[in-house]
Structures are given as C-alpha cells and as structure tokens.
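Peer 1: Have a look; sequence and predicted model below, questions after that.
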Amino acid sequence: MTFRIALALVCLASLPAQATTPIAEVLCAPRADMVLRLSVQNGAQVTAMGIRDAEAVMEVWADDQGRWTMVQSYANGQACIVAMGTDWIGAEPPA
C-alpha cells in the first residue's frame, strides 16, 4: 500500500504544473481589437518592434509604469500576446 502511494506521488510530481499567471491563457484577438485594448484601456504604446518572418511582426507595448506586453501580429490580421512583465527599460538601437 505504501509503495502504491509513493508511486502515485512520483507520477503526479512528474506532470506539468498548471500555470496561474495571466499569460497562462494565450490571448489572441483581431489586431485592431488588441491595439485598442493595449492603447486605450492599458495606456500602452509600441516601444519596440521587428519583423519575425514573412508572416509575423513582434511588438513590445509598454506603459508609463514600465509594464510591458509582447505581441506577435500575423499577416492574417490576428495578434497574440506571447509574454508580459514589468520594469521595461527602452534602449536605443546600436549605431
């Protein structure tokens, strides 16, 4: 009996834990809706961007308090939040 309990605990421990952060659920929406939410509701603006490939652009949106959101926008008009955090510090690109 003790062996079975120990085995069950080992098996359960090897399963991935459920994430409890806001990014645990990938948030995708039409780009226009995402821009509206980030800019109007959150007070953020684009502080960095770059082309990922022919189908996607990466953007970092940040607000005055340093909260940032990384958004991947697709050629089909969808946009998805892929990361978020705090204490964003913008930097000038190298010359």
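Peer 2: Ah, there it is.

Peer 1: so what's the residue most central in space within the chain bridging to?
Peer 2: Centrality entry for the chain: nearest residue to the mean C-alpha point is residue 83, 2.1 Å, by CA atoms, centre = their mean. Beta-bridge pairing of residue 83 under DSSP bridges involves residue 70.

Peer 1: Just give me the neighbour total for residue 27.
Peer 2: Neighbour count for residue 27, taken as other CB atoms under 10 Å: 15. For every residue, glycine as well, the C-beta is placed using N, CA and C.

Peer 1: doesn't residue 82 make contact with it?
Peer 2: No. Using CB atoms under 8 Å as the test, residue 27 is too far from residue 82 to be in contact (9.4 Å).

Peer 1: quick one: low-confidence parts of this protein?
Peer 2: When residues are selected by pLDDT under 70, those of the chain lie in 1-26.

Peer 1: all helices of it, in order?
Peer 2: Secondary structure of the chain (DSSP state H): helices at 2-13, 31-36.

Peer 1: Please enumerate residues in contact with the shortest one?
Peer 2: The contact list for helix 31-36, computed with CB atoms under 8 Å, 6 or more residues apart in numbering, reads 71, 73, 77-79, 81.

Peer 1: List the buried residues in that helix.
Peer 2: Neighbour-count burial for helix 31-36, counted by 16 or more other CB atoms under 10 Å, picks out 31, 34-35.

Peer 1: now swap in stretch 72-90 and tell me
Peer 2: By neighbour count on 16+ other CB under 10 Å, the buried set for stretch 72-90 is 72-73, 79-81, 84, 88.

Peer 1: then stretch 33-51 to CSV, C-alphas only?
Peer 2: C-alpha atoms of stretch 33-51 as CSV (Å, rounded to 0.1, in the frame of the first residue of the first chain):
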residue,chain,number,x,y,z
ASP,A,33,-9.0,45.0,-31.0
MET,A,34,-5.6,44.2,-29.5
VAL,A,35,-4.3,47.7,-30.3
LEU,A,36,-7.5,49.3,-28.9
ARG,A,37,-7.2,47.4,-25.7
LEU,A,38,-3.5,48.0,-25.2
SER,A,39,-3.5,51.7,-26.1
VAL,A,40,-6.9,52.9,-24.7
GLN,A,41,-7.6,50.6,-21.8
ASN,A,42,-4.0,50.0,-20.7
GLY,A,43,-2.3,53.3,-21.7
ALA,A,44,0.5,51.4,-23.5
GLN,A,45,2.3,52.3,-26.7
VAL,A,46,4.7,50.5,-29.0
THR,A,47,8.2,50.9,-27.8
ALA,A,48,10.0,48.3,-30.0
MET,A,49,9.2,46.2,-33.0
GLY,A,50,10.7,43.9,-35.5
ILE,A,51,9.9,41.6,-38.3
